[in-house]
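*Asks:* one predicted model, sequence on top.
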Amino acid sequence: MKRLYIDLGAAFAVALLLSFPALGQISPAVPRTATVMGTVTDVNGGVIPNATVLLKEVDSNDPRTILTTENGMFEFHDVTPGIPYQLSISAKDYEDWMSAPIILNPDQFKIVTGIQLRIPTYRITVDVHYDPVKVAAEQFKAEEKQRVFGIVPNFYVSYESDPAPLTTAMKFKLALKVSTDPVTTAGVFLVASAKQAGNTPNYGQGWGAYGKRFGAVAADGFSDIMIGGAILPSLLHRDPRYFYQGTGTTGSRFRHAVFSTFVARSDKGESQPNYSSLGGVLASSSLANLYYPRSNRGAGLVFGNFAIGIAERIGATLAQEFLLGKFTRRGGHLKGSE
(Lines give C-alpha, C1' and ligand atoms only; values in the text may rest on other atoms or scores of the structure.)
Protein backbone atom coordinates (compact mmCIF):
# COMPACT_ATOMS: atom_id res chain seq x y z
CA MET A 1 0.00 0.00 0.00
CA LYS A 2 2.83 2.34 0.87
CA ARG A 3 4.40 1.56 -2.47
CA LEU A 4 1.21 2.64 -4.22
CA TYR A 5 1.26 6.09 -2.56
CA ILE A 6 4.86 6.58 -3.56
CA ASP A 7 4.11 5.77 -7.19
CA LEU A 8 1.10 8.14 -7.26
CA GLY A 9 3.18 10.99 -5.79
CA ALA A 10 5.90 10.49 -8.34
CA ALA A 11 3.36 10.51 -11.17
CA PHE A 12 1.77 13.73 -9.87
CA ALA A 13 5.17 15.45 -9.68
CA VAL A 14 6.02 14.46 -13.26
CA ALA A 15 2.64 15.76 -14.47
CA LEU A 16 3.18 19.05 -12.63
CA LEU A 17 6.59 19.52 -14.22
CA LEU A 18 5.23 18.83 -17.66
CA SER A 19 2.46 21.46 -17.19
CA PHE A 20 4.88 24.47 -16.70
CA PRO A 21 5.78 24.90 -20.43
CA ALA A 22 2.12 24.86 -21.35
CA LEU A 23 1.33 27.59 -18.79
CA GLY A 24 4.13 29.71 -20.25
CA GLN A 25 2.70 29.35 -23.72
CA ILE A 26 -0.78 30.67 -22.81
CA SER A 27 0.40 33.75 -20.71
CA PRO A 28 -0.33 37.22 -22.41
CA ALA A 29 2.47 38.80 -24.48
CA VAL A 30 4.13 41.99 -23.12
CA PRO A 31 3.13 45.03 -25.40
CA ARG A 32 6.01 46.53 -27.41
CA THR A 33 5.95 50.38 -27.27
CA ALA A 34 8.10 53.21 -28.62
CA THR A 35 9.73 56.39 -27.30
CA VAL A 36 9.75 59.93 -28.72
CA MET A 37 12.24 62.54 -27.59
CA GLY A 38 13.83 65.79 -28.80
CA THR A 39 15.34 69.14 -27.88
CA VAL A 40 13.56 72.48 -28.32
CA THR A 41 15.81 75.40 -29.39
CA ASP A 42 15.50 78.84 -30.93
CA VAL A 43 16.80 79.68 -34.41
CA ASN A 44 20.19 80.54 -32.91
CA GLY A 45 20.56 77.17 -31.24
CA GLY A 46 19.77 78.26 -27.70
CA VAL A 47 17.72 75.78 -25.69
CA ILE A 48 14.22 76.79 -24.54
CA PRO A 49 13.23 75.45 -21.11
CA ASN A 50 9.62 75.17 -19.88
CA ALA A 51 8.23 74.96 -23.41
CA THR A 52 4.92 73.11 -23.62
CA VAL A 53 5.14 69.93 -25.72
CA LEU A 54 1.97 68.12 -26.83
CA LEU A 55 2.00 64.64 -28.35
CA LYS A 56 -1.36 63.91 -29.92
CA GLU A 57 -2.77 61.16 -32.06
CA VAL A 58 -3.77 62.71 -35.35
CA ASP A 59 -7.29 61.30 -35.09
CA SER A 60 -7.71 61.98 -31.37
CA ASN A 61 -8.31 65.01 -29.15
CA ASP A 62 -6.60 63.60 -26.07
CA PRO A 63 -2.97 64.83 -26.13
CA ARG A 64 -0.18 64.04 -23.71
CA THR A 65 1.56 67.16 -22.38
CA ILE A 66 4.95 67.74 -20.76
CA LEU A 67 7.33 70.68 -20.26
CA THR A 68 10.88 70.78 -21.53
CA THR A 69 13.70 70.53 -19.01
CA GLU A 70 16.32 73.17 -18.32
CA ASN A 71 18.23 71.72 -21.25
CA GLY A 72 15.20 72.09 -23.52
CA MET A 73 14.68 68.30 -23.71
CA PHE A 74 11.46 66.29 -23.64
CA GLU A 75 10.73 62.55 -23.76
CA PHE A 76 7.51 60.55 -24.18
CA HIS A 77 7.55 56.85 -23.21
CA ASP A 78 5.06 54.10 -23.93
CA VAL A 79 3.99 55.51 -27.28
CA THR A 80 1.79 53.14 -29.25
CA PRO A 81 3.43 52.15 -32.54
CA GLY A 82 1.66 52.12 -35.87
CA ILE A 83 -0.50 55.18 -35.06
CA PRO A 84 0.18 58.62 -36.61
CA TYR A 85 1.18 61.17 -33.98
CA GLN A 86 1.93 64.86 -34.18
CA LEU A 87 4.08 67.06 -31.95
CA SER A 88 2.95 70.60 -31.14
CA ILE A 89 5.28 72.90 -29.20
CA SER A 90 4.64 76.39 -27.80
CA ALA A 91 6.63 78.79 -25.63
CA LYS A 92 6.24 82.36 -24.43
CA ASP A 93 7.47 85.01 -26.88
CA TYR A 94 7.86 82.42 -29.67
CA GLU A 95 5.76 81.20 -32.57
CA ASP A 96 4.21 77.75 -32.22
CA TRP A 97 5.93 74.80 -33.90
CA MET A 98 4.23 71.66 -35.28
CA SER A 99 5.76 68.52 -36.69
CA ALA A 100 4.72 66.41 -39.63
CA PRO A 101 2.83 63.19 -38.73
CA ILE A 102 5.05 60.61 -37.01
CA ILE A 103 4.45 56.83 -37.19
CA LEU A 104 6.61 54.71 -34.89
CA ASN A 105 7.65 51.07 -35.02
CA PRO A 106 7.60 48.78 -32.01
CA ASP A 107 10.57 49.37 -29.68
CA GLN A 108 11.65 52.39 -31.79
CA PHE A 109 13.55 55.17 -30.04
CA LYS A 110 12.62 58.25 -32.14
CA ILE A 111 14.66 61.48 -31.82
CA VAL A 112 12.82 64.40 -33.47
CA THR A 113 15.25 66.92 -34.92
CA GLY A 114 14.90 70.42 -36.36
CA ILE A 115 12.71 71.80 -33.57
CA GLN A 116 13.46 75.54 -33.74
CA LEU A 117 11.04 78.17 -32.45
CA ARG A 118 11.03 81.60 -34.08
CA ILE A 119 10.30 84.99 -32.57
CA PRO A 120 7.00 86.22 -34.08
CA THR A 121 7.00 89.02 -36.61
CA TYR A 122 4.81 91.89 -35.42
CA ARG A 123 3.02 94.26 -37.76
CA ILE A 124 2.64 97.76 -36.38
CA THR A 125 -0.11 99.81 -37.98
CA VAL A 126 -0.02 103.57 -37.50
CA ASP A 127 -3.29 105.30 -38.26
CA VAL A 128 -2.48 108.89 -39.10
CA HIS A 129 -5.62 110.97 -38.94
CA TYR A 130 -5.48 114.63 -39.87
CA ASP A 131 -7.67 116.72 -37.60
CA PRO A 132 -7.79 120.30 -38.96
CA VAL A 133 -9.36 121.64 -35.75
CA LYS A 134 -6.50 120.31 -33.59
CA VAL A 135 -3.91 121.57 -36.06
CA ALA A 136 -5.59 124.97 -36.18
CA ALA A 137 -5.66 125.09 -32.37
CA GLU A 138 -1.90 124.48 -32.18
CA GLN A 139 -1.17 127.10 -34.84
CA PHE A 140 -3.57 129.52 -33.17
CA LYS A 141 -1.69 129.22 -29.86
CA ALA A 142 1.52 130.19 -31.63
CA GLU A 143 -0.13 133.15 -33.39
CA GLU A 144 -1.48 134.48 -30.10
CA LYS A 145 2.11 134.92 -28.92
CA GLN A 146 3.34 136.80 -32.00
CA ARG A 147 4.49 140.33 -31.20
CA VAL A 148 6.76 142.76 -33.01
CA PHE A 149 9.85 143.13 -30.82
CA GLY A 150 7.90 141.11 -28.29
CA ILE A 151 5.59 144.10 -27.62
CA VAL A 152 3.25 145.08 -30.46
CA PRO A 153 0.59 142.42 -31.19
CA ASN A 154 0.92 140.77 -34.59
CA PHE A 155 -1.75 138.10 -34.22
CA TYR A 156 -3.36 138.37 -37.66
CA VAL A 157 -0.38 136.91 -39.55
CA SER A 158 0.22 133.25 -40.35
CA TYR A 159 3.79 132.14 -40.99
CA GLU A 160 2.79 128.51 -41.59
CA SER A 161 3.50 126.90 -44.96
CA ASP A 162 0.26 124.90 -44.72
CA PRO A 163 -2.06 126.79 -42.37
CA ALA A 164 -5.22 125.14 -41.08
CA PRO A 165 -8.44 127.20 -41.27
CA LEU A 166 -9.64 129.02 -38.17
CA THR A 167 -12.88 128.01 -36.54
CA THR A 168 -15.57 130.62 -35.88
CA ALA A 169 -14.68 130.65 -32.19
CA MET A 170 -11.02 131.30 -33.05
CA LYS A 171 -11.93 134.21 -35.35
CA PHE A 172 -13.92 135.92 -32.61
CA LYS A 173 -11.32 135.17 -29.96
CA LEU A 174 -8.59 136.65 -32.15
CA ALA A 175 -10.62 139.80 -32.83
CA LEU A 176 -11.36 140.34 -29.13
CA LYS A 177 -7.75 139.66 -28.18
CA VAL A 178 -6.50 142.35 -30.57
CA SER A 179 -9.22 144.81 -29.55
CA THR A 180 -8.56 144.51 -25.83
CA ASP A 181 -4.76 144.29 -25.90
CA PRO A 182 -3.06 147.02 -23.80
CA VAL A 183 -0.88 147.99 -26.75
CA THR A 184 -4.01 148.51 -28.86
CA THR A 185 -5.41 150.78 -26.15
CA ALA A 186 -2.17 152.74 -26.09
CA GLY A 187 -2.40 153.09 -29.87
CA VAL A 188 -5.91 154.51 -29.55
CA PHE A 189 -4.58 157.15 -27.13
CA LEU A 190 -1.84 158.12 -29.60
CA VAL A 191 -4.20 158.35 -32.59
CA ALA A 192 -6.73 160.33 -30.57
CA SER A 193 -3.96 162.70 -29.51
CA ALA A 194 -2.91 163.21 -33.12
CA LYS A 195 -6.50 163.91 -34.14
CA GLN A 196 -6.83 166.29 -31.21
CA ALA A 197 -3.83 168.18 -32.50
CA GLY A 198 -5.30 168.23 -36.01
CA ASN A 199 -8.75 169.14 -34.67
CA THR A 200 -10.40 166.28 -36.56
CA PRO A 201 -13.20 165.39 -36.40
CA ASN A 202 -14.77 168.72 -35.50
CA TYR A 203 -15.29 168.10 -31.81
CA GLY A 204 -13.43 171.23 -30.80
CA GLN A 205 -10.71 171.29 -28.14
CA GLY A 206 -10.45 170.49 -24.48
CA TRP A 207 -10.67 167.26 -22.48
CA GLY A 208 -14.28 166.71 -23.45
CA ALA A 209 -13.40 166.90 -27.14
CA TYR A 210 -10.41 164.59 -26.54
CA GLY A 211 -12.68 162.05 -24.87
CA LYS A 212 -15.02 162.11 -27.88
CA ARG A 213 -12.11 161.64 -30.25
CA PHE A 214 -10.78 158.78 -28.14
CA GLY A 215 -14.21 157.13 -28.22
CA ALA A 216 -14.52 157.66 -31.98
CA VAL A 217 -11.08 156.16 -32.67
CA ALA A 218 -11.83 153.19 -30.39
CA ALA A 219 -15.22 152.64 -32.06
CA ASP A 220 -13.69 152.85 -35.54
CA GLY A 221 -11.06 150.26 -34.69
CA PHE A 222 -13.36 147.95 -32.76
CA SER A 223 -16.07 147.89 -35.45
CA ASP A 224 -13.47 147.34 -38.17
CA ILE A 225 -11.81 144.46 -36.31
CA MET A 226 -15.01 142.75 -35.19
CA ILE A 227 -16.88 143.10 -38.50
CA GLY A 228 -13.96 142.59 -40.85
CA GLY A 229 -12.02 140.15 -38.67
CA ALA A 230 -14.73 137.99 -37.08
CA ILE A 231 -18.36 138.52 -38.13
CA LEU A 232 -18.03 138.65 -41.94
CA PRO A 233 -15.21 136.05 -42.10
CA SER A 234 -17.43 133.67 -40.13
CA LEU A 235 -20.51 134.30 -42.28
CA LEU A 236 -18.60 134.22 -45.59
CA HIS A 237 -16.16 131.45 -44.55
CA ARG A 238 -13.09 133.60 -45.17
CA ASP A 239 -9.81 133.56 -43.30
CA PRO A 240 -9.08 137.07 -41.93
CA ARG A 241 -5.32 136.54 -41.53
CA TYR A 242 -2.45 137.67 -43.74
CA PHE A 243 -0.44 134.72 -45.06
CA TYR A 244 3.23 135.59 -45.10
CA GLN A 245 5.00 134.52 -48.32
CA GLY A 246 8.60 135.28 -47.37
CA THR A 247 10.14 133.65 -50.47
CA GLY A 248 10.29 134.35 -54.19
CA THR A 249 11.14 137.51 -56.08
CA THR A 250 10.50 140.95 -54.67
CA GLY A 251 7.86 141.51 -57.35
CA SER A 252 5.94 138.33 -56.46
CA ARG A 253 6.02 139.19 -52.76
CA PHE A 254 4.89 142.76 -53.51
CA ARG A 255 1.94 141.51 -55.57
CA HIS A 256 1.06 138.95 -52.91
CA ALA A 257 0.98 141.64 -50.21
CA VAL A 258 -1.07 144.16 -52.24
CA PHE A 259 -3.60 141.68 -53.62
CA SER A 260 -4.22 140.09 -50.23
CA THR A 261 -6.34 143.14 -49.41
CA PHE A 262 -8.67 142.21 -52.29
CA VAL A 263 -8.22 138.42 -52.50
CA ALA A 264 -8.76 136.26 -49.43
CA ARG A 265 -8.19 132.61 -48.58
CA SER A 266 -11.42 130.73 -47.91
CA ASP A 267 -11.78 128.22 -45.10
CA LYS A 268 -11.35 125.52 -47.78
CA GLY A 269 -8.02 127.00 -48.88
CA GLU A 270 -9.35 128.56 -52.09
CA SER A 271 -8.65 132.10 -53.29
CA GLN A 272 -11.81 134.21 -53.29
CA PRO A 273 -12.73 137.93 -53.26
CA ASN A 274 -11.95 139.46 -49.88
CA TYR A 275 -15.47 140.65 -49.17
CA SER A 276 -14.96 140.30 -45.43
CA SER A 277 -12.05 142.75 -45.23
CA LEU A 278 -13.54 145.25 -47.68
CA GLY A 279 -16.91 144.93 -45.99
CA GLY A 280 -15.37 145.53 -42.58
CA VAL A 281 -13.77 148.81 -43.74
CA LEU A 282 -16.99 149.93 -45.41
CA ALA A 283 -19.13 149.00 -42.40
CA SER A 284 -16.91 150.81 -39.88
CA SER A 285 -16.81 153.88 -42.17
CA SER A 286 -20.61 153.88 -42.37
CA LEU A 287 -21.06 153.43 -38.63
CA ALA A 288 -18.95 156.54 -38.05
CA ASN A 289 -21.96 158.58 -39.23
CA LEU A 290 -23.67 157.65 -35.98
CA TYR A 291 -21.15 159.34 -33.67
CA TYR A 292 -19.13 161.82 -35.77
CA PRO A 293 -20.11 165.52 -35.63
CA ARG A 294 -22.79 166.54 -38.12
CA SER A 295 -20.24 168.55 -40.08
CA ASN A 296 -18.19 165.40 -40.69
CA ARG A 297 -21.01 163.08 -41.70
CA GLY A 298 -22.23 162.11 -45.14
CA ALA A 299 -21.15 160.05 -48.13
CA GLY A 300 -17.88 161.94 -48.29
CA LEU A 301 -16.98 160.69 -44.81
CA VAL A 302 -17.91 157.11 -45.69
CA PHE A 303 -15.96 156.89 -48.93
CA GLY A 304 -13.10 158.99 -47.59
CA ASN A 305 -12.65 156.73 -44.58
CA PHE A 306 -13.10 153.69 -46.82
CA ALA A 307 -10.27 154.81 -49.12
CA ILE A 308 -8.05 155.58 -46.11
CA GLY A 309 -8.85 152.18 -44.62
CA ILE A 310 -7.94 150.33 -47.82
CA ALA A 311 -4.70 152.29 -48.14
CA GLU A 312 -3.86 151.45 -44.52
CA ARG A 313 -4.48 147.75 -45.19
CA ILE A 314 -2.19 147.74 -48.22
CA GLY A 315 0.50 149.54 -46.26
CA ALA A 316 0.11 147.08 -43.38
CA THR A 317 0.43 143.99 -45.61
CA LEU A 318 3.52 145.41 -47.34
CA ALA A 319 5.04 146.08 -43.93
CA GLN A 320 4.20 142.51 -42.87
CA GLU A 321 5.83 140.99 -45.94
CA PHE A 322 9.01 143.05 -46.04
CA LEU A 323 9.61 144.44 -42.55
CA LEU A 324 7.57 143.26 -39.57
CA GLY A 325 8.16 139.56 -40.20
CA LYS A 326 11.84 140.05 -39.40
CA PHE A 327 11.08 141.50 -35.98
CA THR A 328 8.13 139.35 -34.95
CA ARG A 329 8.67 136.86 -32.18
CA ARG A 330 7.35 133.46 -33.22
CA GLY A 331 7.16 130.86 -30.50
CA GLY A 332 9.22 133.11 -28.21
CA HIS A 333 12.01 133.75 -30.70
CA LEU A 334 12.78 136.28 -33.41
CA LYS A 335 13.12 134.81 -36.88
CA GLY A 336 16.70 133.72 -37.46
CA SER A 337 17.66 133.95 -33.78
CA GLU A 338 17.01 130.29 -32.89
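*Replies:* That came through fine.

*Asks:* what's the helix or strand for Val53?
*Replies:* Here Val53 is covered by strand 52-57, with elements defined by DSSP states H and E.

*Asks:* just checking, Tyr159 touches Leu324?
*Replies:* No - assessed by Cβ atoms under 8 Å, Tyr159 is found out of contact with Leu324, at 11.0 Å. The C-beta positions use only the backbone N, C-alpha and C, and glycine is treated the same way.

*Asks:* sheet partners, orientation included, of the strand holding Val53?
*Replies:* If you go by DSSP bridges, strand 52-57 pairs up with strand 64-67 (antiparallel), strand 84-90 (antiparallel).

*Asks:* any idea how far the spatially closest residue to Pro132 that is not a sequence neighbour is from Pro153?
*Replies:* Sequence neighbours aside, Ala164 is the residue nearest to Pro132 in space, at 4.7 Å (criterion: Cβ to Cβ, 6 or more residues apart in numbering). Distance, Ala164 to Pro153, by Cβ to Cβ, to the nearest Å: 21 Å.

*Asks:* neighbour count for the two, which is higher?
*Replies:* Ala164 (22 against 18; other Cβ atoms under 10 Å).

*Asks:* distance of the more buried one from Pro106?
*Replies:* In this view, Ala164 and Pro106 are 78 Å apart by Cβ to Cβ.

*Asks:* same question for Val133.
*Replies:* Val133 sits at a distance of 76 Å from Pro106 (criterion: Cβ to Cβ).

*Asks:* what does Gly215 give?
*Replies:* For Gly215, the distance to Pro106 - Cβ to Cβ - is 113 Å.

*Asks:* okay, those two: which has more neighbours?
*Replies:* Under the criterion of other Cβ under 10 Å, the comparison of Gly215 against Pro106 puts Gly215 first, with 14 against 11.

*Asks:* so that one sits against Ala288, correct?
*Replies:* No - with contact defined as Cβ under 8 Å, Gly215 does not count as touching Ala288 (11.4 Å).

*Asks:* now do the contacts for the residue lying closest to Tyr94 once chain neighbours are set aside.
*Replies:* Excluding its sequence neighbours, the residue lying closest to Tyr94 (Cβ to Cβ, 6+ apart) is Leu117, at 3.9 Å. Counting by Cβ atoms under 8 Å, 6 or more residues apart in numbering, Leu117 touches Val40, Thr41, Asp42, Val43, Ile48, Ala51, Ile89, Ala91, Tyr94, Glu95, Asp96, Trp97.

*Asks:* looks like the last one contacts Gly114 (just checking).
*Replies:* Which is Trp97. No - between Trp97 and Gly114 there is no contact, the gap being 9.3 Å when judged by Cβ under 8 Å.

*Asks:* more crowded one of these two?
*Replies:* The residue with more neighbours, out of Trp97 and Gly114, is Trp97; 18 against 8, by other Cβ under 10 Å.
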